[in-house]
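**Student:** Curious how this folds, go ahead:
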Amino acid sequence: MTNGTEDKLWGLIPAAGKGTRAFPYTENRHKALLDVNGVANIERIISIMRDDLQITDIVIVIGHLGDSIRNHLGDGDRLNVRLHFIENNNLEKGLAWSILLARQLISGFFCIMLCDESYISSNHRLLLDFHWRDALFTCAGLRVDDVGLIQKNYAVLQQEGVLKHLIEKPVNAPNDIMGSGTFICSPAVFDWLEKAFSATPAYVEFVSFLDLLLAAGERGYFFQLTGTYVNINDRDSLALARYHDRDLHFQQRRKALLVYAEGDEEGIVFTLERYHETGVFDDIIVVLPSGSLLADRISATGATVMSCPPGCTLYGEKLLYAMRRTNADIIVLTEADYSFSSRDVQKLFSYLRDADMVVGTRTTRQLIEQGSTMRGLVRLAHAGLGKLMELLWWDREARFTDAGCTFRAFWRSTFETIEPSLLSRGPEFSAEMMIACLDARLRVIEIPVNYFNRSASQIRAYQNAQTFWSFFGLIIRKRLFKSGRKH
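**Tutor:** Here you go, the predicted structure:
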């Protein structure tokens, strides 16, 4: 150790466990790498340590799928910290053993944060001015409305900031304070842990161990956290963490509307004006085929023209070309002849906080314009394809009544996740996007939208038996391919 190491605060992230509670999300991915809107949760923990606690050196204890964590994070240079990795080859000894292993690198006070806990707008920064150096350890907790959360974690009894009792997974919560996985410990804790494992070599429960130290007269302090906390241990908690993060800055997120055009739509100016009136888009981009004569009319509305290169002519390839060149946080797709109502954009946004992608359905009879072509056999075909996707991906809990609706909203992080799976060039691209989300275990929500079906260009190009069979073939191929690989 270099001189002065004992004076600085170290970071310690135990990330050795198998994350069995989060299965199947952790089947081939460590729980630390589950992402909250495009950022692995362990990176978010590192950011709190770096930015709020001014920690420059962080020890990460790895075990199960440890190489994936090491490969993802590297030496920490990308994150402006120094990362040090230690291997835990005795996972059955639990969290306390991972902490004890860090003794070989840490000789000063250290902050523990767990890799599966998500903190949003927390007050960790105030820990810098807290008097944790005067205690053997400090634990952070927060007040919760749901006592069930305390029963899944641990209860904290304290008086004026001095810890009295910690209860791991209490049957009855004694108060409304839930303990978190944030601790600041003196290096003397290592000595106590070593004694505990000498007495009970197989397993030491960490919170109960700390409670025994309190009972023995050691001093512990309590720090009250504020903000939003989510323990990411299953599908629903992962979705909740993503929701809170999205909702916090939703209004500030950059939003782009991609308007798909065949290049000869007479009503395109009307469409652009209606969407411009919503006032929610930072960019309105019209995706045109090469050589279209509409560019001047589009530019006059303030929208941006994106002309695809020669040979890029089909629905899927044109949209993929545009999405790769759009840097907005939120992307909405629509059509040029106002087949979809601009007022339904807010419907998409209402659900987008809870979802990775929100897609419209054109099969709700009350919302289909009288006389539109989305009726009879056409509506039945799209509804049938939607139900086929629902059936074949039943375990992903999606519910679809339309496989081809082009009106949808999704996050940039969603597109980055599914882009490698987007291979279709034609109209079946819309279904492929949904399937790619399901394969990646992302949340897709379908909502009813108004449908006018005014696009004569798209009717000529895609409303035919060939399109139906291209959708059907894609769905079957994707299901067979998926069932033949480990995912």
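**Student:** Domain map for this protein?
**Tutor:** Domain ranges of the chain: 5-247, 251-483, per automatic domain parsing.
**Student:** Now do the first one, average pLDDT.
**Tutor:** The pLDDT scores in domain 5-247 average 93.
**Student:** Repeat that for the last one.
**Tutor:** Domain 251-483 carries an average pLDDT of 87.
**Student:** gap between residue 189 and residue 211?
**Tutor:** Residue 189 is 13 Å from residue 211, where distance means Cβ to Cβ, to the nearest Å. Where C-beta positions appear, they are placed from N, C-alpha and C, glycine not excepted.
**Student:** re earlier: columns mean neighbour count on top of the domains of the chain, output as JSON lines?
**Tutor:** Output for those, formatted as JSON lines (neighbours: other Cβ atoms under 10 Å):
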{"stretch": "domain 5-247", "mean neighbour count": "18"}
{"stretch": "domain 251-483", "mean neighbour count": "19"}
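**Student:** remind me, longest strand of the protein?
**Tutor:** Secondary structure assigned by DSSP state E gives strand 177-185 as the longest strand of the chain.
**Student:** Now do the very next helix or strand once past that strand: which elements does it pack against?
**Tutor:** Tracing the chain C-terminally past strand 177-185 and defining elements by DSSP states H and E, one meets helix 188-199 next. Contacts defined by 3 or more Cβ pairs under 8 Å, 6 or more residues apart in numbering; DSSP states H and E place helix 188-199 against helix 94-101, helix 206-215.
**Student:** ok, residues contacting helix 188-199?
**Tutor:** If you take Cβ atoms under 8 Å, 6 or more residues apart in numbering as the criterion, helix 188-199 is touched by 93, 96-97, 99-100, 103, 106, 136-137, 204, 209, 212-213, 218.
**Student:** what angle sits between that helix and strand 177-185?
**Tutor:** 100 degrees (axes from the mean of the first three to the mean of the last three Cα atoms, to 10 degrees).
**Student:** Just the angle for helix 188-199 relative to helix 206-215, thanks.
**Tutor:** Using the same axes, to 10 degrees: helix 188-199 against helix 206-215 is 110 degrees.
**Student:** So what angle separates the directions of helix 188-199 and helix 94-101?
**Tutor:** Here helix 188-199 runs at an angle of 120 degrees relative to helix 94-101 (the same axes, to 10 degrees).
**Student:** Tell me who's in contact with residue 294.
**Tutor:** Applying Cβ under 8 Å, 6+ apart to residue 294 gives the contacts 261, 263, 264, 265, 268, 286, 288.
**Student:** do residue 55 as well
**Tutor:** Residue 55 sits next to 8, 9, 10, 11, 49, 81, 111 when contact means Cβ under 8 Å, 6+ apart.
**Student:** Among the residues you listed, name the ones in helices.
**Tutor:** Members of the contacts of residue 55 lying in helices (criterion: DSSP state H): residue 49.
**Student:** Could you list which of the contacts of residue 55 belong to strands?
**Tutor:** Filtering those for membership in strands, criterion DSSP E, returns 10, 11, 111.
**Student:** Which single one of those is nearest to residue 165?
**Tutor:** Nearest to residue 165 out of the ones in strands among the contacts of residue 55 is residue 111 (Cβ to Cβ; 22.5 Å).
**Student:** do you know which of the helices and strands packed on helix 188-199 lies nearest residue 425?
**Tutor:** Smallest distance to residue 425 across the helices and strands packed on helix 188-199 (Cβ to Cβ): 48.9 Å, for helix 94-101.
**Student:** That closest one - contacts with which helices or strands?
**Tutor:** Judged by 3+ Cβ pairs under 8 Å, 6+ apart, helix 94-101 is in contact with strand 10-15, strand 57-62, helix 188-199, helix 206-215.
**Student:** so which of those comes closest to residue 436?
**Tutor:** Closest of the helices and strands packed on helix 94-101 to residue 436 is strand 10-15, at 28.0 Å (criterion: Cβ to Cβ).
**Student:** Can I get the closest one as CSV, trimmed to CA atoms?
**Tutor:** Extracted in CSV, the C-alpha atoms of strand 10-15 (Å, rounded to 0.1, in the frame of the first residue of the first chain):
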residue,chain,number,x,y,z
TRP,A,10,-12.4,2.8,-0.7
GLY,A,11,-15.3,1.2,-2.7
LEU,A,12,-16.2,-2.4,-2.4
ILE,A,13,-18.8,-4.0,-4.7
PRO,A,14,-19.5,-7.7,-4.0
ALA,A,15,-20.6,-9.2,-7.3
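**Student:** Mind giving me the packing neighbours of it?
**Tutor:** With contacts defined as 3+ Cβ pairs under 8 Å, 6+ apart, strand 10-15 has these neighbours: helix 41-53, strand 57-62, helix 94-101, strand 110-112.
**Student:** Any chance of those in CSV with distance to residue 362 as columns?
**Tutor:** Converted to CSV, these look like this (distance: least, Cβ to Cβ, whole Å):
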stretch, distance to residue 362
helix 41-53, 37
strand 57-62, 48
helix 94-101, 51
strand 110-112, 52
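**Student:** hmm, back to that, let's have the helices and strands packed on helix 188-199 in CSV, adding distance to residue 431.
**Tutor:** What follows is these, written out as CSV (distance: least, Cβ to Cβ, whole Å):
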stretch, distance to residue 431
helix 94-101, 44
helix 206-215, 48
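**Student:** looking at those helices, which is closest to residue 481?
**Tutor:** Residue 481 sits nearest to helix 94-101 of all the helices and strands packed on helix 188-199, at 38.3 Å, using Cβ to Cβ.
**Student:** Residues contacting the closest one, please?
**Tutor:** Residues from elsewhere that reach helix 94-101, judged by Cβ under 8 Å, 6+ apart: 12, 14, 16-17, 61, 63, 86, 88, 90, 112, 189-190, 193-194, 196-197, 203-206, 209.
**Student:** so how far is it from its chain's centroid?
**Tutor:** 28 Å (Cα atoms, centre = their mean, to the nearest Å).
**Student:** And stretch 128-142, by the same measure?
**Tutor:** Taking the mean of its C-alpha atoms, stretch 128-142 sits 31 Å from the chain's own mean (Cα atoms, centre = their mean).
**Student:** Restricting to C-alpha, output that stretch in PDB.
**Tutor:** Extracted in PDB, the C-alpha atoms of stretch 128-142 (Å, rounded to 0.1, in the frame of the first residue of the first chain):
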ATOM      1  CA  LEU A 128     -19.100  12.600   2.900                       C
ATOM      2  CA  ASP A 129     -20.000  14.900   5.800                       C
ATOM      3  CA  PHE A 130     -21.300  12.100   8.000                       C
ATOM      4  CA  HIS A 131     -19.300  11.000  11.100                       C
ATOM      5  CA  TRP A 132     -18.800   7.400  10.000                       C
ATOM      6  CA  ARG A 133     -15.100   7.500  11.000                       C
ATOM      7  CA  ASP A 134     -16.400   7.500  14.700                       C
ATOM      8  CA  ALA A 135     -18.000   4.100  14.400                       C
ATOM      9  CA  LEU A 136     -17.000   0.600  13.500                       C
ATOM     10  CA  PHE A 137     -19.600   0.700  10.800                       C
ATOM     11  CA  THR A 138     -22.500   2.800   9.400                       C
ATOM     12  CA  CYS A 139     -25.500   1.300   7.600                       C
ATOM     13  CA  ALA A 140     -27.800   3.300   5.300                       C
ATOM     14  CA  GLY A 141     -31.500   2.800   5.200                       C
ATOM     15  CA  LEU A 142     -34.600   4.500   4.100                       C
END
